[in-house]
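Engineer: return a 3D structure for these sequence lines:
(2 chains)
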Amino acid sequence: MSVRWCTMSAVADETGEAVGRVLGTADATPLSFWTAVAPGSYLQLDDVVVTRRDLPGREPVTIAGVVTQVRARHEGAQFDSDVFAIADGTLPALVQEAAEITTTRVDPELYVPPSPGAVVRRATGDLRAAALHFDRMEKRVPMGTGRDGLPAFLNADFLDGSRGAHVSISGISGVATKTSFATFLLYSVFRSGVLGGEAINAKALIFNVKGEDLLFLDHPNARLDDDTTRRYAELGLPATPFPDVRVYAPPRAKDSSGAPDVSSRLTGIDSFYWTLAEFCEARLLPYVFADADDERQQYTMVVHAVTAHLARHAQPADGGISVDGIRLGSYPDLVDFVVARLTDEETRGTWAGSAVNTGTVNAFARRLIASKKDLARLIRGDLAERRPHAINTAESAQVTVVDLHNLPDRAQRFVVGVTLKTEFERKEKAGTAKPLLFVVLDELNKYAPREGSSPIKEVLLDIAERGRSLGVILIGAQQTASEVERRIVTNSAIRVVGRLDPAEASRPEYGFLPPAQRQRVLLAKPGTMFVSQPDIPVPLCVEFPFPAWATRPSEAGQAPSATLRSIVQSADPFAVVGGRSEDEIPF
Amino acid sequence: MTRLFVDTWAASYGAAFGGGEGPSSPSTAQVETDAELPPGEWRPLEAPRGVSSPGVVLLVDGVQRIDATLSTEEEDGGSYAGLAASYAAGVVRCDLGVGAAELAGAQVARGFFTASPSVGDVVAGQIRYALHKVEGAGELSKLPASVQGPLTALEIELSGAARTGGDLLVVDGPLRGRRQLPRTIGYIKTQDKQYLPPALTLVVTALRPGQRSPIFKQGTAWGCWSWYLRLPGGNGAPWSGMVRVECSPDLPVEQAVELANLSLVTLPRFASTPYKDPRAPQNLIPIAGLERRLRGLLGDARLLHRALTLATTRLV
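Structural biologist: Residues are numbered from 1 along each chain as shown, chains lettered A, B, ... in the order given. Okay, here's the model as predicted:
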């Protein structure tokens, strides 16, 4: 690779518009230097430039970098008020612009400073790609355009787990467009061809936490114009919606039919829930207590004792379960039953263990009762057992969207925790990294807060630390990276920042941003992100195109025909009812 | 009671006027004072209505610096003093209409001034100090004055450049050899000589800012039309903010008066303020800016001194 770059260093001599010279009044270092901008030229932030340093007895060193700061000042002026004399035409002065260059690449790797006076040229074409290390990326994912309007790429090796994995996206909600960028990145990964043959099998699991924004990923965007289509084409992407999407929503509350609870999307949507039998067998009770606050309490041992007891004694019984000979047909029934058994002096010992005092049991009971309202619609004993209701990305479409926005906090945690756990366990069992599973989760600070521990945080930490080898890639978004578990943030190979709150931007979690970029993130407009990847020492400022898929009901164009049938409709009705052998026709 | 005034010029520059009470040494030059007004009718004059400053004003100035003092060792055992000096001249073009002041031209030269008959140019690194042979014994005290000649020559060379129709050229210092240039005035900041008789001097000290004296003719070898003008920004002392302006003696009286009126509407806007310039208000803003730029062009004095030291050591 180095050979190719060296031939380019020869090119660097003649091509590229000369924009200035390396300054001698400020220190020029191998990693950062200042350039005086020649009259009639300009440099803007994020421009890519290249300069050359001749060395005695060696091949010349090519130093490439990006502009991280630009300043202009009057030379020859001493006082602030001199500007009036200069503008008045009485004081001769020179306007001099200078640009700070942060080095991105030195080739060959001889870290010498550029010599003051050396000509600095604008890098274009192959030279720009080399300066930003794009030429070294064997698989590159387009992630938007730089400020110069040319595509900027992400090294797929750091996304698919071969050299790194996980993406951490931070920014203020609303203006930072975190979710849009996450979905665009997914789209780019799936459609740019970097995954090759695996693209067909790679899956994505997206949790929709706010509004019904992500429920229309498979609908074309009615506001898509030619300009946006052209931008997609420049990035080598088709401007189409996601082709293969399955949307899950929780069942409507107090609705015995289990119809999905959404208002805007009416077709191609399925409800998800867990049967009581699954709840007991898969030991899901701890996820009801998934608040970090819960873990600190004494009653966790009661939680685990009850979970174990239910797993041991609950028998499936016609949709519901039966425990100790009593049939329980709904989650509130189960809760009442468990509370009754715990308050009964005789049975408490067998359910909660002998060393537990009444105060602890009561604390557990209080919270369990409180969860009835939140979880009754998700844990069901009244719906057909064989009706498809589980979220399973392996059998689902390429993109699985799980809608959480209508759910109360405790239910959201339950769904996220249980879904991630089942998916991760499934991948663990499969034992191979391929096909990849991308998990998009917003509000990571809620599920994996820096302080405390919870079952969900354990799953997320597991994904962050072992997911790379198991093919589970976490694309986490949060308003404040400083409030997210540090091990999750540090395990993310790719860090993305949109508009930040000023107080947040000064925190050490954003140490990868150079000082000028820390100021710029305070002004970043929607659609502008700063992307840091291990290959490039400076985060790149990229603008990603407007989504080609609908992001709200009003934008949604014609629904794709596939959405007209939901999985419930496509399932064999006889399989749902379940054929018992005695019902078969006797011949 | 005698009033006291603190001179606006910083003390290190000396006073703009000998001791603050004006030009001390009377000039021996012949003075004709009746060109514009008879001496009996002398009074402060203001610019007539309708006179406006030209669109383009050019200002010429030069700076000089002694980089090193040298001495030679002649073959006969004698020794001559020598000066290695850098000097530069430049032109500022103030386009008052557009509001842009720019350096229209600048030139730097370096010279080795000595009376030694045997030495040649001094080369220090990439710098060459061209030999300027000084007539006479060449005492060290006389040498600095000899830099002025080549500097004036450089200024004259640049004065012709960048001229356009309708502009005004302001030369910092006496006109000397530039009398033939059109629409040119000399601008003298310090008043050493008293040219006018005491009665007329009273008219000069009575000038208010923005007023001038009638023109008078000095009859020396470098004779010229001359007038006094008070700039705004003085402290009220009799000679504060006072400058003398001169123009070519070959001009008819009417043209000289025209230039005098033009200077009256042009120069006050260039006057500097005391906190920014130690020689305010006489040191004009463009001149100050030009001098700063020119000093920058002269190069670093310590670097040149070291280069000279190194070069002369190698010669041995």
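
Engineer: spell out which residues of chain B are next to chain A.
Structural biologist: B:92, B:94-103, B:269-270, B:276, B:285-286, B:288-290, B:292-293 (Cβ under 8 Å from any Cβ of the partner chain). C-betas here are computed from N, CA, C, even on glycine.

Engineer: how about the helices of the stretch 1-150 of chain B, start to end?
Structural biologist: B:143-159 (DSSP state H, counting those that start in this stretch).

Engineer: now the stretch 101-250 of chain A
Structural biologist: Under DSSP H, counting those that start in this stretch, the stretch 101-250 of chain A gives helices at A:125-131, A:178-191, A:226-234.

Engineer: and the second one, what does it pack against?
Structural biologist: I take that to be helix A:178-191. strand A:140-145, strand A:167-170, strand A:203-208, strand A:437-441, strand A:472-478 (3 or more Cβ pairs under 8 Å, 6 or more residues apart in numbering or on different chains; DSSP states H and E).

Engineer: pairing partners for residue 247 in the sheet, please.
Structural biologist: Just so you know, I chose chain A. A:Val247 forms beta bridges with A:Ile269, A:Val401, as assigned by DSSP bridges.

Engineer: sorry, should have said chain B
Structural biologist: Applying DSSP bridges to B:Cys247 gives these bridge partners: B:Trp225.

Engineer: show me the contacts for it.
Structural biologist: With contacts defined as Cβ atoms under 8 Å, 6 or more residues apart in numbering or on different chains, B:Cys247 is in contact with B:175, B:184-186, B:224-225, B:256, B:259-260.

Engineer: same question for A:Ile488.
Structural biologist: Contacts were defined as Cβ under 8 Å, 6+ apart; by that measure A:Ile488 touches A:166, A:168, A:444, A:448, A:460-461, A:464, A:474, A:476.

Engineer: now swap in A:Phe190 and tell me
Structural biologist: Applying Cβ under 8 Å, 6+ apart to A:Phe190 gives the contacts A:199, A:202, A:204, A:242, A:398.

Engineer: is it true that the third one touches A:Pro435?
Structural biologist: Right, the one you point to is A:Ala204. No. At 10.7 Å, A:Ala204 and A:Pro435 do not qualify as touching, with contact defined as Cβ atoms under 8 Å.

Engineer: out of those two, which sits in the more crowded spot?
Structural biologist: More neighbours surround A:Ala204 than the other of A:Ala204 and A:Pro435, with 28 against 18 (other Cβ atoms under 10 Å in any protein chain shown).

Engineer: from A:Val489, how far off is the nearest residue to that one once chain neighbours are set aside?
Structural biologist: Nearest-residue entry for A:Ala204: A:Phe438, 4.3 Å, with adjacent residues in sequence omitted and distances by Cβ to Cβ, 6 or more residues apart in numbering or on different chains. Using Cβ to Cβ, to the nearest Å, A:Phe438 is found at 18 Å from A:Val489.

Engineer: about what we covered before: can you list the helices and strands packed on helix A:178-191 in JSON lines and add mean pLDDT?
Structural biologist: Putting the helices and strands packed on helix A:178-191 into JSON lines (pLDDT from 0 to 100) gives the following:
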{"stretch": "strand A:140-145", "mean pLDDT": "90"}
{"stretch": "strand A:167-170", "mean pLDDT": "93"}
{"stretch": "strand A:203-208", "mean pLDDT": "91"}
{"stretch": "strand A:437-441", "mean pLDDT": "92"}
{"stretch": "strand A:472-478", "mean pLDDT": "91"}
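
Engineer: could you dump those strands to CSV with distance to A:Lys373?
Structural biologist: Putting the helices and strands packed on helix A:178-191 into CSV (distance: least, Cβ to Cβ, whole Å) gives the following:
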stretch, distance to A:Lys373
strand A:140-145, 43
strand A:167-170, 33
strand A:203-208, 22
strand A:437-441, 25
strand A:472-478, 28
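
Engineer: contacting residues around B:Arg279?
Structural biologist: For B:Arg279, the contact set (Cβ under 8 Å, 6+ apart) comprises B:9-10, B:13, B:16, B:189, B:272.

Engineer: so what does the residue of chain B most remote from its centre have for phi and psi?
Structural biologist: Going by Cα atoms, centre = their mean, the residue of chain B most distant from its centre is B:Asp76, 40.9 Å out. Phi and psi for B:Asp76, reported as degrees, to the nearest 10, are phi -80, psi 10.

Engineer: next one: the one 3 residues further on
Structural biologist: Here the main-chain torsion angles of B:Ser79 (degrees, to the nearest 10) amount to phi -150, psi 140.

Engineer: got a list of what it touches?
Structural biologist: B:71-73.

Engineer: from chain A, how far off is it?
Structural biologist: Here B:Ser79 is placed at a distance of 39 Å from chain A (Cβ to the nearest Cβ, to the nearest Å).

Engineer: which parts of the stretch 51-200 of chain A sit against chain B?
Structural biologist: Within reach of chain B by Cβ under 8 Å from any Cβ, the stretch 51-200 of chain A has these residues: A:76, A:78-79, A:81-82, A:85-94.

Engineer: can you pick the most crowded of those?
Structural biologist: A:Leu91 (30 neighbours).

Engineer: and A:Trp351, what element?
Structural biologist: helix A:345-352 (DSSP states H and E).

Engineer: same for that helix, what does it pack against?
Structural biologist: Packed against helix A:345-352 by the contact rule (3+ Cβ pairs under 8 Å, 6+ apart) you find helix A:300-313, helix A:331-343, helix A:358-375.

Engineer: buried sites along that helix?
Structural biologist: The neighbour-count check on helix A:345-352 (16 or more other Cβ atoms under 10 Å in any protein chain shown) flags A:348, A:351-352 as buried.

Engineer: need the phi and psi values for A:Val95.
Structural biologist: phi -90, psi 120.

Engineer: if I look at it, how far off is B:Gly97?
Structural biologist: Separation of A:Val95 from B:Gly97 (Cβ to Cβ): 19 Å.

Engineer: ok so, going back, and the angle for the helix holding A:Trp351 with helix A:331-343?
Structural biologist: On the basis of axes from the mean of the first three to the mean of the last three Cα atoms, to 10 degrees, helix A:345-352 is oriented at 110 degrees to helix A:331-343.

Engineer: export helix A:345-352 as CSV, just CAs?
Structural biologist: Output of helix A:345-352 as CSV, limited to C-alpha atoms (Å, rounded to 0.1, in the frame of the first residue of the first chain):
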residue,chain,number,x,y,z
GLU,A,345,-46.6,-18.0,56.3
GLU,A,346,-46.8,-21.7,55.2
THR,A,347,-45.8,-21.3,51.6
ARG,A,348,-43.4,-18.4,52.0
GLY,A,349,-40.5,-20.7,52.8
THR,A,350,-40.8,-22.8,49.7
TRP,A,351,-41.2,-19.7,47.4
ALA,A,352,-38.7,-17.3,48.8
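
Engineer: and the contacts of it?
Structural biologist: By Cβ under 8 Å, 6+ apart, the residues outside helix A:345-352 that reach it are A:302, A:305-306, A:309, A:338, A:341-342, A:356, A:361, A:364.

Engineer: list the buried residues in stretch A:183-193.
Structural biologist: A:183-192.

Engineer: no further questions, thank you.
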